[in-house]
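Asker: structure for the following, please:
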Amino acid sequence: MNNETRFAAPWSTAVKVITFVTVLVLFGAALVVPTLMPAGTPALARWTIAIGLPLIVLGTLPFLVRGYVIERGELRILRLGWHNRIPLAEVVAVTADSDAMRGSLRLCGSGGLFGFFGWFRNRSLGVYRAYATDPRQAVVIKLRQRTVLVTPENPAAFVAELNRQRGA
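Answerer: Presented below is the predicted three-dimensional model:
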């Protein structure tokens, strides 16, 4: 029996705008800046900019969050070509909180390019791991050793399903 439940990870307007502008600026700069460099600029410098700037986008792309799946005693966070697994046995509490990311400081990760993912910190949660695409849809998952934040399409249904599958 397949007891899989999927939830989309819709992008907020902020993520869409940040991603569009960042991709446009980085790819545009990669095309324009090398041609504006003074004569005599080493070819390595030109190639570093022409290749390096798009690599920022391409290097971030695999980490974007495509959705969430709850099944067989685990939460899977779907990425581009891979996923993260969180055993439901480690879950202590799960709550929907649209303000959970408010006041967060990004410690390491993406601050809007394809989403908000990585390590963040704020007063209410302390240090937490975010797999977010729309902070207004935040669900806080307290695990035994850490805190995780996800942003599924329907936070209330996600919380209910995660609690159902973990037997809470």
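
Asker: what is the burial count for residue 15?
Answerer: 24 (other CB atoms under 10 Å). Every residue, glycine included, has its C-beta placed from N, CA and C.

Asker: my bad, should have said residue 137
Answerer: When neighbours are counted by other CB under 10 Å, residue 137 registers 21.

Asker: neighbours of the nearest residue to residue 96 once chain neighbours are set aside, how many?
Answerer: Leaving out its chain neighbours, the residue that sits closest to residue 96 by CB to CB, 6 or more residues apart in numbering is residue 155, at 3.8 Å. For residue 155, the count of nearby residues is 22 (other CB under 10 Å).

Asker: so for residue 155, what pLDDT did the model give?
Answerer: Residue 155 carries a pLDDT score of 98 in this model.

Asker: likewise for the one 4 residues further on?
Answerer: The model reports residue 159 with a pLDDT of 98.

Asker: that one - that's part of a strand, no?
Answerer: No - secondary structure of residue 159 (DSSP: H, G, I helix; E, B strand; the rest coil): helix, not part of a strand.

Asker: quick revisit: go ahead and confirm the residue nearest to residue 96 touches residue 138.
Answerer: Yes - judged on CB atoms under 8 Å, residue 155 makes contact with residue 138 at a distance of 7.1 Å.

Asker: what sits in contact with each of these two?
Answerer: Counting by CB atoms under 8 Å, 6 or more residues apart in numbering, the contacts common to residue 155 and residue 138 are 96, 98.

Asker: ok, the residue nearest to residue 90 when sequence neighbours are not counted to residue 44 distance?
Answerer: If the residues on either side of it in the chain are set aside, residue 90 comes closest to residue 143, at 4.5 Å by CB to CB, 6+ apart. Applying CB to CB, to the nearest Å, the value for residue 143 to residue 44 is 46 Å.

Asker: any idea which element the spatially most central residue of the chain lies in?
Answerer: Centroid check for the chain by CA atoms, centre = their mean gives residue 117 as the closest residue, at 3.2 Å. If you go by DSSP states H and E, residue 117 is part of strand 116-122.

Asker: buried residues, that strand. List them.
Answerer: 116-118, 120 (16 or more other CB atoms under 10 Å).

Asker: list the contacts of it.
Answerer: By CB under 8 Å, 6+ apart, strand 116-122 touches 15, 63-65, 101-110, 127-133, 135, 149.
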